[in-house]
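>>> requesting a structural model of the entry that follows:
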Amino acid sequence: MGFKNNIISTQDEYITSPFGVRPNPLGAGTEFHNGLDIVSSRGLQKTQDVWSIAIADGVVTDKHNGELIGHGIDILHDGKVLSRQYHFKSASVLKVGDKVEKGDRIGILGTTGRSTGVHLHFGVKTGSTKWDNGDYVDPTPYLDGTKNIAISSDNVIPAKIDTPEREIREYLSSKGLSLYAAVGIMGNLYAESGLKANNLQNSYEKSLGFTDDSYTAAVDKGTYTNFIRDCAGYGLAQWTYWSRKEGLFNAAKAQDKSIGNLNMQLDYLWFELTTSYRGVLDELRKAKSVREASDIILTKFEKPADQSEAVRVKRAGYAQSYYDNYLGWYAPEVPTMPEATLMPETPTGTITKGSKVTINANAKYYTGGTIPLWVLADVWYVSSISGDRAVLGKNVSGKNDIQSPINVKDLVYV
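Numbering: from 1, shown residues only. This is a model prediction of the structure:
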C-alpha cells in the first residue's frame, strides 16, 4: 500500500502480518490471513492522524462498518482489480460511486472491528467486479509495481524494514520480556532519545560544539577524549553518569563498534539490567500493567531529575501507544533447544546441571580469560558441573552454544 511521503514517512511503516496462514492473533491455532496488516509508528505514537491512500485510480464500490472489519472501503481499479482497506478509525468520507485517483486519502488508520491495535488491513481480489465473487490474491505485488497497478518505489512499504523501533522490539522479545516490560523500556527510551542511538543530549550540543553525528564520529576516532567525564547524556538511554558512560565506551571497544551502534547499545543496556540493575529487571518481569513497567524504568533505571506525575504520565503514554499497537502479535521468544537437551530446572538458589543462570559483571572464565560483553549480557543453561567448575552450554534462545567453564560463585540462578 503506497503512502505519500507528506502523509507518512516510509521510514516508520512496515508489514506486521503477511498474506497466508498465520497464528490466530485473537485465539488459539492458526488462521488464513487474506491480506496484509500494515502499521505506522507515527500513527501509534498518536502525533497525528495517519491516512491510507488509494493505490491507483478507481471507483468506490462499497463501504463497510461491520463487527469484523470495522470501518472500511472497497475500490475497483481498471475494471478488474478490487482493493479493500479497513479497520479505519471512523467512516471514510467517500461514498459508493465516488471516483478516486492514486494518492487520494481514503481513511484514517484505526482499530475498529476485530483488531488488536491500530493498523491498516489491505486486501486484493481479482476475477470479479464484486468482492463476494472474487478470488483472494497476495496483495504484496500491488505494492511494488510488478502488476498492473504501478506504485512509485518511494511510496512502497517494505515487508520488513530495519527501523530502530523494530530492532529494539525484536531484541527485547528475544530476551523473553513480557509485552508490559518491553513497552515500558521502549516508552522510556523514546522519551530519552527518540530511539536514536547516536543522540547527544540537546543541551550539550552548543556547549560542546557538536551535533549528534560529529560527536559520535569524534568519540569513535579518538579526537574527542572526554566522553566518559563530560556529563552529557548520550545514546538510547541517555547514559550520563561517568561510570555508566565508561561501561558503554568499553562495550563499544570490546565489540569493535561505533559508540552510536544500536545493537551494541542494546547489548550494554541488557548487560546493565542483568548485572548492576538486576533488581530492576526482576521487578520489570513482574509488572502487571504498562504504567507499572514504565514507572519502574523511569524511577529505577533512567532516574532523571524530573520524576513528576506529569513526566510519568507522558512516558507511560508512549509505552501505552506501543502496547496498543503490539498487542496480539508481540511474542517473546522462548528457548528453542531440542526438547531432549532441556534440563529440568532446580530449586531456586541451587545451581546444578540444567540450571538457567546469568554471569556476574566482573567474572572471568575459569581459566582467567576475559568474558565478552555479549556473553555476560545473556542467560545460559549449565550443561555440566564439577565442584566449583560449571560449563555453560546454550543460551535461552538456543542460538548460541559456548561450552565455556566458569566458577560457580560467579553465576546467578535465574
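
>>> switch to C-alpha atoms for all contacts and neighbour counts from now on
Noted.

>>> SS state for Gly398?
coil (DSSP: H, G, I helix; E, B strand; the rest coil).

>>> nope, Trp270 is what I meant
Trp270 is classified as helix under three-state DSSP.

>>> pull up the gap between it and Leu376, please.
9 Å (C-alpha to C-alpha, to the nearest Å).

>>> now swap in Val290 and tell me
Separation of Val290 from Leu376 (C-alpha to C-alpha): 28 Å.

>>> let me know the pLDDT of the residue nearest the centre of the chain.
The residue lying closest to the centre of the chain (C-alpha atoms, centre = their mean) is Arg169, at 2.1 Å. Model confidence at Arg169, given as pLDDT, is 86.

>>> low-scoring stretches of this structure, by residue?
1-16, 20-32, 40-49, 116, 143-163, 325, 327-349, 361 (pLDDT under 70).

>>> now the helices: where do they sit in it?
Secondary structure of the chain by DSSP state H: the helices cover 41-44, 164-174, 179-193, 202-208, 212-221, 242-255, 262-274, 278-285, 290-297, 309-326, 373-376.

>>> single out the most deeply packed of those.
For the helices of the chain, the largest average neighbour count (mean count of other C-alpha atoms under 10 Å) is found in helix 179-193, namely a mean of 26.

>>> and the residue nearest to the centre of the chain, how far from Gly97?
From Arg169 over to Gly97 (counting by C-alpha to C-alpha), the distance is 42 Å.

>>> go on, Gly110?
For Gly110, the distance to Gly97 - C-alpha to C-alpha - is 24 Å.

>>> out of these two, which sits in the busier spot?
Gly110 (25 against 12; other C-alpha atoms under 10 Å).

>>> find the nearest non-adjacent residue to that one, please.
Distance criterion C-alpha to C-alpha, 6 or more residues apart in numbering; nearest residue to Gly110, sequence neighbours excluded, is Lys89 at 3.8 Å.

>>> just the CA coordinates for stretch 58-74, please, in PDB.
Extracted C-alpha coordinates of stretch 58-74, given in PDB (Å, rounded to 0.1, in the frame of the first residue of the first chain):
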ATOM      1  CA  GLY A  58     -10.600   3.600  -9.300                       C
ATOM      2  CA  VAL A  59     -14.200   3.800  -8.200                       C
ATOM      3  CA  VAL A  60     -15.700   3.100  -4.800                       C
ATOM      4  CA  THR A  61     -17.900   0.100  -4.900                       C
ATOM      5  CA  ASP A  62     -18.800  -0.500  -1.300                       C
ATOM      6  CA  LYS A  63     -18.400   0.900   2.300                       C
ATOM      7  CA  HIS A  64     -18.300  -1.100   5.500                       C
ATOM      8  CA  ASN A  65     -18.900  -0.800   9.200                       C
ATOM      9  CA  GLY A  66     -19.100  -4.300  10.400                       C
ATOM     10  CA  GLU A  67     -18.300  -6.300  13.500                       C
ATOM     11  CA  LEU A  68     -15.300  -8.000  11.900                       C
ATOM     12  CA  ILE A  69     -13.700  -5.400   9.600                       C
ATOM     13  CA  GLY A  70     -15.000  -2.200  11.200                       C
ATOM     14  CA  HIS A  71     -14.900   0.900   9.000                       C
ATOM     15  CA  GLY A  72     -13.600   0.100   5.500                       C
ATOM     16  CA  ILE A  73     -14.000   0.700   1.800                       C
ATOM     17  CA  ASP A  74     -13.700  -1.300  -1.500                       C
END
